[in-house]
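Asks: 3D model of this:
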Amino acid sequence: MSRDTGDLKIISSDLKGKGSVVMMGFPGSGLVGSIALQYLVDQMDFDHIGDVTSRYFPPMSMMQKGVVNAAVRIYEKDGYAAFVADIPIHPTICYEVANGILDWLADYDVKEIVTIAGIITNETEKRVFGVASDEGAIEKIADHTIILPMGSISGIASSLLTECKLRKIPCIGLLGETVNNPDPRAAVSAIEVLNQLYSLNLDTAPLLEQAEEIEATMQRLAEEVQSSDAPQQKKENLPMYG
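Replies: Model (predicted):
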């Protein structure tokens, strides 16, 4: 089925039933949502059922083994659906993207929506902070996250939470504590909360191994940058890029 909501084009099979839990992960701080949900759909063998495109999306496609993927993909399995994105959503179109997705989901009477994102702090504990669209959803996550008492969130997660509140769809926001680098450890923390909330029993050990590889790579890059700082070439000898 193809549906054009005006701002988004969604080409997808129907969800198999009503009352699904829908999870969403878009790139942001630490790429927490994207890493967590891509790992989840890969490890749990979700079916790829559809794709999302838009004239507002940047002209970029990810590929794997030479095969191009849509920048935003829809997966489904056993009463769960997942929207996984490789591209960040620009602040000026967050409203349109959130509404386009929720308009498409309107036919399926979803049970609740979970949006996963990152939050940058000065700590390294990899805690998961929780926000929600209503008191009932807050009660569900109160024992599994640190509820944010006050403040603001931004980006697509904010738009989804706000639009769900207006439409009276329960929506949970899981914000993994992160730094502004790809952060699989923060994604692991978010997945552990999903395990507790939905009894997924998803093994996160392989993702932790990936975290160690990424951290080693980042450390190497930092050392290379540091060593390249010491004798600098004269400015006039540097190549110019435009």
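Asks: what's the spacing between the residue lying closest to Gln43 once chain neighbours are set aside and Gly100?
Replies: Spatial nearest neighbour of Gln43, excluding adjacent residues (Cβ to Cβ, 6 or more residues apart in numbering): Leu202 at 6.0 Å. For the C-beta atoms, the positions are set from N, CA and C on the backbone; glycine is no exception. Leu202 sits at a distance of 29 Å from Gly100 (criterion: Cβ to Cβ, to the nearest Å).
Asks: also Arg127?
Replies: The separation that Arg127 has from Gly100, given Cβ to Cβ, amounts to 32 Å.
Asks: same deal with Leu15?
Replies: Leu15 is 16 Å from Gly100, by Cβ to Cβ.
Asks: what of Cys164?
Replies: Relative to Gly100, and taking Cβ to Cβ, Cys164 is found at 14 Å.
Asks: tally of neighbours for the closest residue to Ile141 other than its chain neighbours?
Replies: With sequence-adjacent residues excluded and distances taken as Cβ to Cβ, 6+ apart, Ile141 is closest to Gly130, at 4.3 Å. Using other Cβ atoms under 10 Å, the number of residues around Gly130 comes to 20.
Asks: wait, what's in contact with Gly130?
Replies: Residues in contact with Gly130 (Cβ atoms under 8 Å, 6 or more residues apart in numbering) are Ile138, Ile141, Ala142, His144, Thr145, Ile146, Ile147, Leu148, Ile172, Gly173, Leu174, Leu175.
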